[in-house]
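> this one's sequence-less:
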Ligand SMILES: Cc1cc2nc3c(=O)[nH]c(=O)nc-3n(C[C@H](O)[C@H](O)[C@H](O)COP(=O)(O)OP(=O)(O)OC[C@H]3O[C@@H](n4cnc5c(N)ncnc54)[C@H](O)[C@@H]3O)c2cc1C
């Protein structure tokens, strides 16, 4: 399909117009066009780079960051709580969206976390109903026998995995000694792996599989998986790239707003396309609220100031932004030990590329990260009670929306079986202080060889927002990440970060690291909670898990969509991307995005 063409577009009546050809948009477009009578148009602002090596080769993802052909490259406003630092907001701007440029880790949400979605007023969204969709989107290929032996204690059963979904999920073939030591170190600390995260429970270390096709060793993202060559042949599907959706054309009918068309620009022309049944918003958590606001759905006051006629007053549009902040500690490796930092030597980089081109193996063809879900171990019962009390005190007088969410998060933090953090081991250096440019953070610019241990709060309480800055659709929205604005998050993040020092000094990890070697996070070992809190504020970065800005919740609780994903006050606009998450789930979120979109597609098919 020539996705750059608009020829004949005006002559077709589309039943559904999907805004955004990213992770969720392509899932829904694919599933709807399985029905031959349903005509779907996808409008994607970004490029079609399906055959570009920076997307195809999993290990080349960082080469796409900040390039406008791949990345929206947002920056937050200065974050007061982080001493005025700006955070990066990379986000895919190409067919496949963020799944085409992300780090490829596939991690599943927890049972308790999903049940919290349902408890927030969303019948049908608890774990039992949601879990099948976590399998529907993917086909898993298990680890080889040698990889299973390498990761002593790894939990994995083929019967638990997805077996016929479009996204290919697999393990790598060349892990480093730190990866095996990760498992053994947690075991030494008394926390062996207890369950495969796909089952929604358990704590301890696990190997994060990657969205990599084991046959071709290429990235399996939404573009490759849901917009494959055979799907491109469907006569009832049309995809146009380079099409920036500016606003929806709305009319009032019987007390609600009806979308009758979509206005978009391509090149220097503006087009309006009629829609027969529904508009499906899938522009991601940063731009779905932008499009609603540009169309007159949002906070009346803000819209009027910016010269937009309000159609539906809902001040919750663009609020409730959630993200996982990630704090990374860097440890120098022992002399002679390998590190991904070796790739800064052009000879080593060329050898890795040659190995990849020969048979797809090696570091470029895999996702080289392992993780662990853990409770907060350095938190004695009495201090835990104090922390929860602090949380309750801080919630006093909060809006109904925040109060309800705080209660849900409180339950999660109080559950002894629910992790409060995800630790990740990456066998290369990260330089948060060199930010906000991702090229500097990922650029391996510090001399020497390092690994990184990272911590991400599983259930953050901090909230940010994203709103339009003007009525010009070409202006990027005002992004206020809000990471670590909540004092309880700062304390929890610091306590978890202190534990990263323990991981690094426990055997066998300790022997792989240089004794008294350089540390990229702080010159001295952190022992003190206050100093750790300060370090977290200096180091925390966005994990690019934008979500929650058009949350699925009752409208009086701060919701923007109902449990059928319909935008309140409208009759034919749905949201299917990460902006509908009421609470960000534990871990990396693409698996949850895929599953939400699969469930959304089923709902839409039932409803029309
Ligand atoms: C650098 C990076 C690394 C990440 N690493 C991981 C990881 O390892 N594991 C994991 O699970 N998750 C990861 N994530 C997160 C995950 O990829 C995203 O949360 C998920 O893909 C978001 O899906 P979405 O459908 O909500 O939005 P997207 O996939 O971002 O899709 C939105 C699409 O809408 C388009 N669009 C936006 N505005 C308009 C407009 N006005 N008109 C037309 N089109 C528009 C965009 O160009 C984009 O293609 C990462 C994300 C990034 C950016």
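Nice, thanks for sending it over. Bear in mind the structure is a predicted one, so any value in this text is a computation, not a measurement.

> from now on I want contacts and neighbour counts done on CA atoms only, so please keep to that.
Noted.

> which residues in the stretch 1-150 of the chain form helices?
Assigned by DSSP state H, counting those that start in this stretch, the helices in the stretch 1-150 of the chain fall at 23-32, 53-56, 111-119, 127-136, 145-150.

> could I get the ones you listed as CSV with mean pLDDT, mean neighbour count and distance to the ligand?
Shown next, in CSV, are the helices of the stretch 1-150 of the chain (pLDDT from 0 to 100; neighbours: other Cα atoms under 10 Å; distance: least, Cα to the nearest ligand atom, whole Å):
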stretch, mean pLDDT, mean neighbour count, distance to the ligand
helix 23-32, 98, 27, 4
helix 53-56, 96, 22, 12
helix 111-119, 95, 21, 16
helix 127-136, 98, 18, 12
helix 145-150, 94, 13, 21
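
> any chance of those in TSV, plus distance to residue 534?
TSV is the format used below for the helices of the stretch 1-150 of the chain (distance: least, Cα to Cα, whole Å):
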stretch	distance to residue 534
helix 23-32	36
helix 53-56	36
helix 111-119	29
helix 127-136	37
helix 145-150	37
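
> which of those helices sits closest to residue 354?
Across the helices of the stretch 1-150 of the chain, residue 354 has its closest neighbour in helix 53-56 (13.7 Å, Cα to Cα).

> so what touches the closest one?
Contacts of helix 53-56 with the rest of the structure, by Cα atoms under 8 Å, 6 or more residues apart in numbering, involve 49-50, 60-61, 63-64, 100-101, 218-219.

> out of these, who's near the ligand?
residue 101 (Cα under 6 Å from any ligand atom).

> out of the helices of the stretch 1-150 of the chain, which is closest to residue 210?
helix 53-56 (13.2 Å).

> circling back: so which of the contacts of helix 53-56 wins on neighbours?
When neighbours are counted by other Cα atoms under 10 Å, residue 219 leads those with 34 neighbours.

> give me every residue that touches the spatially closest residue to it that is not a sequence neighbour.
With Cα to Cα, 6 or more residues apart in numbering as the criterion, residue 219 has its nearest non-adjacent residue at 4.6 Å, and that residue is residue 212. By Cα under 8 Å, 6+ apart, the contact set of residue 212 is 58, 104, 168-171, 218-220, 365-367.

> which of those sits closest to residue 474?
If you rank the contacts of residue 212 by distance to residue 474 using Cα to Cα, residue 104 comes first, at 29.0 Å.

> which residues are contacting the least confident helix or strand in the chain by mean pLDDT?
When each helix and strand of the chain is scored by mean pLDDT, DSSP states H and E, helix 400-414 comes last, with a mean of 86. Here helix 400-414 makes contact (Cα under 8 Å, 6+ apart) with 112-113, 116, 119-120, 388, 391, 395, 418-420, 459-461, 556-558, 583.

> now, these that are in strands?
Under the assignment DSSP state E, the contacts of helix 400-414 contribute nothing to strands.

> circling back: next, the buried residues of the least confident helix or strand of the chain.
401-413 (16 or more other Cα atoms under 10 Å).

> gap between residue 467 and residue 479?
Using Cα to Cα, to the nearest Å, we find residue 467 at a distance of 7 Å from residue 479.

> nope, residue 32 is what I meant
Residue 32 is 32 Å from residue 479, by Cα to Cα.

> and for residue 451?
Distance, residue 451 to residue 479, by Cα to Cα: 31 Å.

> how about residue 459?
20 Å.

> over to residue 87?
Per Cα to Cα, residue 87 is found 9 Å from residue 479.

> domain-wise, how is this protein divided?
For the chain, automatic domain parsing gives the domain ranges 9-73+89-102+222-320+548-607, 149-215+322-542.

> before we move on, the earlier item: could you redo the contacts of helix 53-56 as JSON lines and give each row pLDDT?
Output for these, formatted as JSON lines (pLDDT from 0 to 100):
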{"residue": "49", "pLDDT": "96"}
{"residue": "50", "pLDDT": "97"}
{"residue": "60", "pLDDT": "93"}
{"residue": "61", "pLDDT": "91"}
{"residue": "63", "pLDDT": "91"}
{"residue": "64", "pLDDT": "93"}
{"residue": "100", "pLDDT": "98"}
{"residue": "101", "pLDDT": "97"}
{"residue": "218", "pLDDT": "96"}
{"residue": "219", "pLDDT": "97"}
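
> from the contacts of helix 53-56, which is closest to the ligand?
In terms of Cα to the nearest ligand atom, no member of these lies closer to the ligand than residue 101, at 5.8 Å.

> quick one, what contacts the residue nearest to the closest one when sequence neighbours are not counted?
Beyond its immediate neighbours in the sequence, the residue positioned closest to residue 101 (Cα to Cα, 6+ apart) is residue 61, lying 5.3 Å away. The contact partners of residue 61, taken as Cα under 8 Å, 6+ apart, are 54-55, 101-103.

> repeat that for residue 206.
Taking Cα under 8 Å, 6+ apart, we find residue 206 in contact with 154-155, 183, 193, 196-197, 370-372.

> state the mean pLDDT of the strand or helix carrying it.
In the assignment (DSSP states H and E), residue 206 maps to strand 204-207. Strand 204-207 comes out with an average pLDDT of 96.

> ok, and the closest non-adjacent residue to residue 551?
Closest to residue 551 by Cα to Cα, 6+ apart is residue 580, at 4.3 Å.

> meant to ask about residue 497, not that
Per Cα to Cα, 6+ apart, closest to residue 497 is residue 455, 6.4 Å.

> tell me the spacing between the residue nearest to residue 332 when sequence neighbours are not counted and the ligand.
Leaving aside its chain neighbours, residue 332 sits nearest to residue 450 (4.3 Å; criterion: Cα to Cα, 6+ apart). Taking Cα to the nearest ligand atom, to the nearest Å as the measure, residue 450 falls 20 Å from the ligand.

> contacts only, for residue 450.
330-333, 339-341, 427-429 are the contacts of residue 450 under Cα under 8 Å, 6+ apart.

> residue 604 belongs to a helix, doesn't it?
Yes - assessed by DSSP: H, G, I helix; E, B strand; the rest coil, residue 604 belongs to a helix.

> any idea how many residues pack against it?
A count of neighbours around residue 604, defined by other Cα under 10 Å, yields 17.

> okay, strands next: where are they in the stretch 501-608 of the chain?
541-542, 573-575 (DSSP state E, counting those that start in this stretch).

> where along the stretch 151-300 of the chain do the strands fall?
Under DSSP E, counting those that start in this stretch, the stretch 151-300 of the chain gives strands at 167-169, 204-207, 237-241, 244-253, 256-266, 269-281, 297-298.

> just checking, residue 43 touches residue 240?
Yes - Residue 43 is within contact range of residue 240, at 5.2 Å (criterion: Cα atoms under 8 Å).

> can you put the contacts of residue 206 in TSV and add distance to the ligand, neighbour count and pLDDT?
What follows is these, written out as TSV (distance: Cα to the nearest ligand atom, whole Å; neighbours: other Cα atoms under 10 Å; pLDDT from 0 to 100):
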residue	distance to the ligand	neighbour count	pLDDT
154	20	20	92
155	20	15	93
183	20	27	95
193	20	23	93
196	16	23	95
197	13	26	96
370	11	23	96
371	11	24	97
372	14	26	97
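
> now for those: which two are most distant?
183 and 197 (14.9 Å).

> strands - which of the contacts of residue 450 land there?
Per DSSP E, the subset of the contacts of residue 450 in strands is 330-332.

> for residue 337, give me its contacts.
residue 512.

> hmm, try it at 6 Å
With Cα atoms under 6 Å, 6 or more residues apart in numbering as the criterion, no residue contacts residue 337.

> what does the stretch 51-200 of the chain put close to the ligand?
90-99, 101-107.
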